[in-house]
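[1] after the sequence you'll find the predicted model.
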There are 2 protein chains.
Amino acid sequence: MRNRLFLCCLLFIVCSTHLAAQSRATWIWYPGDFEIWLSNKMQTKRTERNAFIPPFWRLYSHQIVVNFSKQLNLPQPEEITVAVEGQYNVTIDGKYVQSDIRRITLPAGKHSINFQVYNQVSPPSIYVQGKTIYSDPTWTVEVVHNNSADNMPGKATNGYAGSWNFDGPEKLPSRYSLPTKEVKATSIKRNAQSVLVDFGQETIGFVQLKGLTGTGKLSLYFGESQEEALSVDSCEILDHYTINGNSTDFTASNARAFRFVNIVHEPGIQFADVSMLYEYLPLAQRGTFKSSDEQLNKIWDVSIRTLELNTREFFLDGIKRDHWVWSGDAVQSYLMNYYSFFDNESVKRTTWALRGAEPVESHINTILDYSLYWFTGIYDYYLYTGDEAFLKTIYPRMVTLMDFVLKRRNNNSMLEGLPGDWVFLDWAPMTKEGELSAEQLLFARSLETMALCASLMNDNEKATTYNQLAVDLKNKILETFWDPNQQAFIHSRKDGQVNRQVTRYANMFATMFGYLDSTKVNAVTKNVLMNDKVQKITTPYMRFYELAALAEIGQQAYVTKEIKDYWGGMLQEGATTFWEAYDPKEKGAARYAMYGRPFGKSLCHAWGASPLYLLGKYYLGVKPVQPGYANYVIEPNLGGLQWIEGKVPTPQGDIAVSVNTRQIKVNTVGGKGLLRFKSAKKPACKEGQLISKGKQTFEMALEAGKNYIVSYSLP
Amino acid sequence: MRNRLFLCCLLFIVCSTHLAAQSRATWIWYPGDFEIWLSNKMQTKRTERNAFIPPFWRLYSHQIVVNFSKQLNLPQPEEITVAVEGQYNVTIDGKYVQSDIRRITLPAGKHSINFQVYNQVSPPSIYVQGKTIYSDPTWTVEVVHNNSADNMPGKATNGYAGSWNFDGPEKLPSRYSLPTKEVKATSIKRNAQSVLVDFGQETIGFVQLKGLTGTGKLSLYFGESQEEALSVDSCEILDHYTINGNSTDFTASNARAFRFVNIVHEPGIQFADVSMLYEYLPLAQRGTFKSSDEQLNKIWDVSIRTLELNTREFFLDGIKRDHWVWSGDAVQSYLMNYYSFFDNESVKRTTWALRGAEPVESHINTILDYSLYWFTGIYDYYLYTGDEAFLKTIYPRMVTLMDFVLKRRNNNSMLEGLPGDWVFLDWAPMTKEGELSAEQLLFARSLETMALCASLMNDNEKATTYNQLAVDLKNKILETFWDPNQQAFIHSRKDGQVNRQVTRYANMFATMFGYLDSTKVNAVTKNVLMNDKVQKITTPYMRFYELAALAEIGQQAYVTKEIKDYWGGMLQEGATTFWEAYDPKEKGAARYAMYGRPFGKSLCHAWGASPLYLLGKYYLGVKPVQPGYANYVIEPNLGGLQWIEGKVPTPQGDIAVSVNTRQIKVNTVGGKGLLRFKSAKKPACKEGQLISKGKQTFEMALEAGKNYIVSYSLP
C-alpha cells in the first residue's frame, strides 16, 4: 500500500513537471493544412497493377506563407526555443528579430510575437517552447494579407491553430508516418521459382524477405484471397523489384493490403524467411461487445478488425484499392468509431482532408450526397464528442461549402445533379435524375447542422437563415414526396413530374433523422422498411442506414437475424475482415469480382463494419442526447439474444452495460443518464427512482459514476 | 565565297535534322504554373539584414495534378520516350498503359494519349520525344475534373500548355537556375581583419574567396556604395558563415547585389583572392542608341546595364532589396525591353507570375493601380509583339481579374480604394481617397485591353460589354474630372465632392493613351505638363510617364534637357546603374537613405532605365501601329541633338535609324512602315514617295527590307 501511494505521488510530480515545462508545446499549422498535405500524400498511393491513379477530384495545396501569433504578458523575460518547418522571420511588436531566431529572449510586459513562415513543400509549422510560452492550438494563425471582398468564396479563413500530437521539437509534422511492427507469416509454401505466403488474415504493410541473396528480378503479387495472389495477370496490386545482391534483409518499399503474397523470383534469388511490417495507427479499443451468440461475437470481432485496418492517416473506404478518402464511407466510419475507438483525431483529420482548402469548386469527391454527408458527419461528431473548439475552427469552411451548395439549388430550392456532379446514393438500379427525395433529406439535415454551428459561433443572423431554410425544406419535402395514398416517401421528381416509385432511401433517412410523427413512422415501417416488395438494398453501405432505421423503430430482433445472415454469411465464406459487397448466391472466385475486374472487390471495407455501430447504439443502447454525452440515454435491447454485455466509450469514460432476460446492469460515468427499458412486470432497483411511462415502458435517471442493477422481466 | 556557301548548307542540314528529331520537343506544364512556382522561389529570397521577408501578398501554388493530352493520327506505330517531373500514369484512348511508361510504342491510327501527373513539390511537367510526336505548347493541359459552376471566380482555366526553353529531357524545369560567370574584383584593400573589395560597378552574384584556409567566423557586408559596405550595423544585406577549414575555394551560398563587399573575418582565416560569380539571364542586346551627346550616350549605356541587371527570372524592381515582382515597375520594364532586348519570354513570365492562380483574392501586389497596369502591360505586349498565342492562354485569367475589379466598382461605376487595397499611384503628397482621375484612366485602358482580347478570342459578347464599359467610363471621366475653367483634369472626387487640385497624373495618362482631342492636348501641355506651378513629379517612376507624355506632344528638346539634368546628375554622383530615387540636393551618404533606413535606397532600380524607352520611341521614333509591327511609324526627333542613330528591335528584325540635321537614314525590316518628319524645305528621297501633310510635315510609306536616305532641313 505504501509503495503504491509513493508511486502515485511520483507519477503526479512527473506529470506536472512534464506539463509545465515540456508537454504542452506542440507543433501547430494553419487549420487543415497538415491534413490536406497528408491526404495528398496518402491519396496518391493508389495503383491498379502498374498504373498510378490519383483521385479524380481536385487536390488542394497547403498555404505556403503563414503567420503564427500570440499576445504575451510576461512578468519577467523568458527564453523560448523555436523549431520551424520552413524559412521564417520573427517579429516582436512588429519589429524583426535580428539576433538568433532559434533561441529568443522575450521581454517582460505586454507584447505580441509573430512567426511568419514560408514553405512550398510541406505545411508551414512551428514548435515554440518556453517556460510559460509554448505553441498550442490557442495561437492565432493567418494567411498573409488577404483583402478579399467578403462575398468572395475564395476568402481564406483565419483562426486558431491546427495541431495533433507532434509534441516534441524533433517530431516534425512533415516526417509523419504510421508506425509498424513485425508480423510473422502463418504459412510459406515454396515452389520452384515462387513462394506463396499466407499471413492468416487480412493485413497491410511492408513485405520483408529475410536473408535475401542473389541478383535478378523479383515480383510481389498480392491477394486478399489466395486466388488473387496466384493470378499474376489479374491481381489488383503488384510490385516489381530488381535485386542487386546488396540486400540481406529486404523490405518492400510500398505498404500493401493483402492476406496472401505470391513471390515470383528469378532463379538466382534466395531468401530464408518471409514476414511483414504491419503498418497501423495506434488506437485504443474502448468499445466492447459480447453476447450469448458466438457468431455475433465473432462478427463484432471481425468488424473491429475491419474498422481498425481502415482507420489510418484518415478513414479509408478499403485498404486494398483506393487510398482515397470518401465522404459517404467516412461518415459511417465515424459512427462506428464512436462505439469502438472513440478516436476524435481521426474524425477531425478526415473532415479537414475531405473539405480541402478554398475555394470550393465541386462537391466533395464530386458527389452531391457526399457534400451533404460531410455536414451530417460534423453534426454527429459534435453530438458524440461535444468538441466545440473543432466546430469553431471548421465553421468558416462549412459556410463556404454550404454557400456552394445553396448556389446550386434549382427553382424549387431543391438539389439535383448539375453537369459535373455525381449523384451516387447507392450502387443500385434507380433513376438519379431530377430531385431525389433522399438527397433533399440529407440537405435538410445539413442545413440543421449549419444552424446549430452558426448558433455556437454566435452568428445569429446565419443561424436564423439556415434554420428557416431547413424548416421550409422539410415542409416542402413532405408536400412533394409524401404520398398519402402509398403512405410512404416516393423516390423523385423531375421537371415537375413526380416518380411515384417507393424506394427505401428517403424513408429510412427520415426515420433515422427523427423527422416523422408516430403515424408516419408506423406507416413507413409497414409499407417500406418491413415490406419485401420494395426494392431491396444490397450494399453493406446502405444496409448500414437500413438496419439503423429498423433498429431505431425497435426491430432489433429482425436486425439480429439480418446481421447473422449477411455478416455471418461472409464469415462462412472465410472472411477475416468484412467486404465491400456480398451476395450469398456468388460462389468461388466470382465472389471477388467487381467493377468488371476479377479481383476488383475490396475484402476489407470499412462500411462492412457497421455491426459495431448497430450493436453499440441499438443493443447496448447507449446514445448521446446532448453534445458530448452531457445527457444520454441507455435503451438496451436484447434483440432476441439471451444476454449481451459491453462498453461504450464517451468523453467522460466508458459506460458498461450488461443485460439478460432478468437483469440490466449499468456502470455510469460523467453526464446525466436516463435508462429506458420495457418490462412485463414492475421492475426493481436499489439505487435509482423507477418511473413508469406506460405501455410496459420504464425510465430511471442515472447519476454519474454509479453502478445500477435493475431486475425486470422481458415482455 | 565557296566556303561560306558550304557552311550555310551544313548549318541548314544540322538545323533541319535538329528540328525534326530533337529540338521541337520541350517541357510543358499547366499555363502559369512554372512561373508561379519560380516566382515563389525568387520572391522568398528577400532579406533585410538577418530577417527573412517574403512578400506581403498572397503567394499561390501550382496545380498538383495535371492532365496533358494530345490527339494523334499516326500513319505507322511510333515509339516515344518520356521524361516527367512527378508521379504519373499514361492512358491511350482512356486505357492505362501497364507496360514501361518511360518508353511507349503508340499504335497507328487515330488515338488520344493522356499523361496524368502529380507533383506536390514543383509543377507537374512532361517531356515527350518521338519522331513525329513531341511535347510542345500545342498540347492540351487541364487540371483534374473541375465541375465548377460557370460563375465561380475560382474556376481554373484549361488551355494550351505552358513552356519556355527546356528543350531536352535532362533540362528539368524544377532545376532551373540562372547561369553564372566569373568576374574579377577591380580593387581589394586588405586591413587587419577585414577586406574591402570593389567590383567597379553594380553587380549581382556569389562572392568567391579563392584559396580559403583556416577556421572561424566570416561575414560579408554588402554595399551598393562603399559607405554601405563599411557600415556593418546599417548595411541592408549581410551574410554570416562559419568556415570549418574544409574549403579551398569558397563560394557564398546566396547571390547578392552589390558593388562593394566588406569581408570581416576572424584571425584564423585567410584567402588569396576575391572574385564573384555574376548571375545573369542570357539576353541579346538588340536595341542601340548613339548621339552627338556623349553624356546622353553614357546615360543610355548605364540604362541598359540597369535594365539588364533587373531582367532576371522576372523583371525586378531593383536587385538589392525586394526580389519581389511589382506590377507597376514591371510594365515600365516591358516598355524599355521593347527598345533593348525585346525578350518576350521575360514579359510573359512576369505577367504570369504577377497574376498568380485562381481565385483572385486581392489586387496584384494588393495595389489597385497595379492590377490595372497588369492589363495595360498585356495591351503593350500585344502591340509590340503581335503574340496572339499568349493572349489566348492568359485570357481566362484576364477575365477573372477583371471580374474582381468590376465587382469592386462604386455606385458611380468608378474605382476607389476599398479596405485592404493600397492606392499607390506615386510616392508624393496627394490625397488617395475616393475616385482618383488617374486610376479611372488606367481602368479605361484596362477595359479597352479586355475588349481587344475578347475580340481576338471571338468572345463577342464580352468584347461588346467591355467596349461599352470603356466608352461609358471615358465619357464619365471627362464629365467628372475635366475642369473647363482650369482646362485640365483635376485630381479626384470623394463622396460626390470634387477636389479641384490639378495634378499631373491624369493629364499625362490621358495624353499618352491618346484620349484627348488637339484642343485638350494643347490645354494640358500649357496648363499642366509645361506648367511649373503644378506639383512636380520627383520619382523616376512617374517621370517615366511624364517625360513620355511630353515627348508624345513633341517636347523632345525639353525632355533632352530633363534627361541630361536628372540622369546626368546621377552619373555625376558616380552611379554605375540608375537609382530608385534621386534628389540633386542630397549629398554624401544622405543620398543612399530611404524608407527611414540609411541605405534603404536601391541604386540599381529598373524604373531608372526609362531613357531606353524615351530615346527609342520618341527620338529614333520607331513605334508599332498594329500588333507586332505589322504597321509601324518612324517619327524621328533630334530633340536638340546634332545627330542620333540606333536600332529598334521588332519581331521582323531590327529597324535602323540614323538622323542628323540634314539627313534621315532608315533600314527597314518586315511590315509596312511610315516615315513622318518635319522639314523646313521640301525634302528629297530617291527610293520612296514623299507626301506633304501641311505644317512642314511630310510622310513616306516604307517597304520591307529597304534602305532609305532622305535629305531634309530641320525646321
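    On my side now, so go ahead.
[2] where does the stretch 51-200 of chain A dip in pLDDT?
    Across the stretch 51-200 of chain A, residues meeting the criterion (pLDDT under 70) sit at A:145-159.
[3] secondary structure of A:G420: a strand, I assume?
    No. According to DSSP: H, G, I helix; E, B strand; the rest coil, A:G420 belongs to no strand; its state is coil.
[4] burial check on it, number of neighbours?
    Other residues lying near A:G420 total 14 when counted by other C-beta atoms under 10 Å in any protein chain shown. Placement of C-beta: from N, CA and C, glycine included.
[5] next, it: phi, psi?
    Main-chain torsions, A:G420, degrees, to the nearest 10: phi 100, psi -20.
[6] same check on A:V710?
    The main-chain torsion angles of A:V710 are listed as degrees, to the nearest 10 and equal phi -110, psi 130.
[7] contacts only, for it.
    Each residue near A:V710 by C-beta atoms under 8 Å, 6 or more residues apart in numbering or on different chains is listed here: A:663-666, A:675, A:677, A:683-685, A:690, A:700.
[8] do that again at 6 Å, thanks
    With C-beta atoms under 6 Å, 6 or more residues apart in numbering or on different chains as the criterion, the residues that contact A:V710 are A:664, A:683, A:685.
[9] chain B versus the closest residue to the second one other than its chain neighbours, what's the distance?
    So the one you mean is A:P683. Nearest residue to A:P683 in three dimensions, chain neighbours excluded: A:Y712, at 3.8 Å (C-beta to C-beta, 6 or more residues apart in numbering or on different chains). Plainly put, A:Y712 is 56 Å away from chain B if you go by C-beta to the nearest C-beta, to the nearest Å.
[10] got a pLDDT number for A:Y712?
    Looking at A:Y712, its pLDDT is 97.
[11] picking up where we left off before, most neighbours among the contacts of A:V710, which one?
    When neighbours are counted as other C-beta under 10 Å, the busiest of the contacts of A:V710 turns out to be A:I664, with 23 neighbours.
[12] beta partners for the closest residue to that residue other than its chain neighbours?
    Spatial nearest neighbour of A:I664, excluding adjacent residues (C-beta to C-beta, 6+ apart): A:V710 at 4.3 Å. Taking DSSP bridges, one obtains A:I664, A:C685 as the residues bridged to A:V710.
[13] separation between A:V710 and chain B?
    The spacing between A:V710 and chain B, counted by C-beta to the nearest C-beta, is 55 Å.
[14] one more: A:A272?
    Computed as C-beta to the nearest C-beta, the A:A272 to chain B distance reads 32 Å.
[15] tell me the contacts of that residue?
    Listed by C-beta under 6 Å, 6+ apart, the contact partners of A:A272 are A:210-211.
[16] how does it look with 10 Å?
    Applying C-beta atoms under 10 Å, 6 or more residues apart in numbering or on different chains to A:A272 gives the contacts A:209-213, A:248-249.
[17] just A:D421 next, same as before
    A:D421 is in contact with A:362-363, A:366-369, A:371, A:408, A:415, A:432, B:147, counting by C-beta under 10 Å, 6+ apart.
[18] out of those, which comes closest to A:F513?
    When the contacts of A:D421 are ranked by distance to A:F513 (C-beta to C-beta), A:D369 comes first, at 14.3 Å.
[19] and the closest one, what's its pLDDT?
    In this prediction, A:D369 carries a pLDDT score of 97.
[20] mind checking the SS state of it?
    Secondary structure assignment for A:D369 (three-state DSSP): helix.
[21] in terms of contact, does it touch A:V423 like I think?
    Yes. Because the distance of 6.9 Å satisfies C-beta atoms under 10 Å, A:D369 is recorded as touching A:V423.
[22] quick one: which of the two has more around it?
    Counted by other C-beta under 10 Å, A:D369 and A:V423 do not tie: A:D369 has more neighbours, with 27 against 20.
[23] could you chop chain A up by domain?
    Chain A resolves into domains spanning A:2-174, A:180-279, A:297-618, A:627-711 when parsed by automatic domain parsing.
[24] so how far is A:V622 from the residue in the stretch 301-450 of chain A positioned nearest to chain B?
    Using C-beta to the nearest C-beta, the point where the stretch 301-450 of chain A gets nearest to chain B is A:G420, with a distance of 2.2 Å. With distances taken as C-beta to C-beta, to the nearest Å, A:G420 is found 42 Å from A:V622.
[25] about what we covered before: can you check which residues contact both of A:D369 and A:V423?
    When C-beta under 10 Å, 6+ apart defines a contact, the residues bordering A:D369 and A:V423 alike are A:363, A:415, A:417, A:432, A:436, A:438-439.
[26] now render the residues you listed as JSON lines, adding secondary structure.
    Putting the shared contacts of A:D369 and A:V423 into JSON lines (three-state DSSP) gives the following:
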{"residue": "A:H363", "secondary structure": "coil"}
{"residue": "A:L415", "secondary structure": "strand"}
{"residue": "A:G417", "secondary structure": "coil"}
{"residue": "A:K432", "secondary structure": "coil"}
{"residue": "A:L436", "secondary structure": "strand"}
{"residue": "A:A438", "secondary structure": "helix"}
{"residue": "A:E439", "secondary structure": "helix"}
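[27] skipping its backbone neighbours, what lies nearest A:T480 in space?
    Here the nearest residue to A:T480 in space, its sequence neighbours aside, is A:R493; by C-beta to C-beta, 6+ apart that works out to 6.1 Å.
[28] sorry, wrong one. I was asking about A:G688.
    A:M700 (4.3 Å).
[29] and if you look at A:L620?
    The shortest distance from A:L620 to any residue that is not its chain neighbour, by C-beta to C-beta, 6+ apart, is 4.5 Å, and that residue is A:V657.
[30] tell me how far that neighbour lies from A:P636.
    Applying C-beta to C-beta, the value for A:V657 to A:P636 is 6 Å.
[31] for the host helix or strand of A:A330, buried residues please.
    Secondary-structure element containing A:A330, defined by DSSP states H and E: helix A:327-337. Neighbour-count burial for helix A:327-337, counted by 16 or more other C-beta atoms under 10 Å in any protein chain shown, picks out A:327-337.
[32] just stretch A:189-200 next, same as before
    Neighbour-count burial for stretch A:189-200, counted by 16+ other C-beta under 10 Å, picks out A:195-199.
[33] near chain B, which residues of the stretch 401-550 of chain A show up?
    A:404, A:407-408, A:418-422 (C-beta under 10 Å from any C-beta of the partner chain).
[34] so for the residues you listed, which is the shakiest by pLDDT?
    pLDDT is lowest at A:G420 among these; the value there is 86.
[35] might one say that that residue is in contact with A:S362?
    Yes. The pair A:G420 and A:S362 qualifies as a contact (C-beta under 10 Å) at a distance of 6.5 Å.
[36] tell me the spacing between the residue most central in space within chain A and A:C604.
    Nearest to the mean C-alpha position of chain A, by C-alpha atoms, centre = their mean, lies A:Y334 at 3.5 Å. Applying C-beta to C-beta, one obtains 18 Å for the distance of A:Y334 from A:C604.
[37] likewise for A:P584?
    When C-beta to C-beta is the yardstick, A:P584 and A:C604 sit 19 Å from each other.
[38] these two: which is more packed in?
    Applying other C-beta under 10 Å to A:P584 and A:C604 shows that A:C604 carries more neighbours, namely 32 against 12.
[39] number of residues surrounding the closest residue to the more buried one other than its chain neighbours?
    For A:C604, ignoring the flanking residues on the chain, the nearest one in space by C-beta to C-beta, 6+ apart is A:T577 at 3.9 Å. For A:T577, the neighbour count with other C-beta under 10 Å is 29.
[40] looks to me like A:T577 is in a strand.
    No. According to three-state DSSP, A:T577 belongs to no strand; its state is coil.
[41] surely it and A:S225 touch.
    No. Taking C-beta under 10 Å as the contact criterion, A:T577 and A:S225 are not neighbours in contact, 11.8 Å apart.
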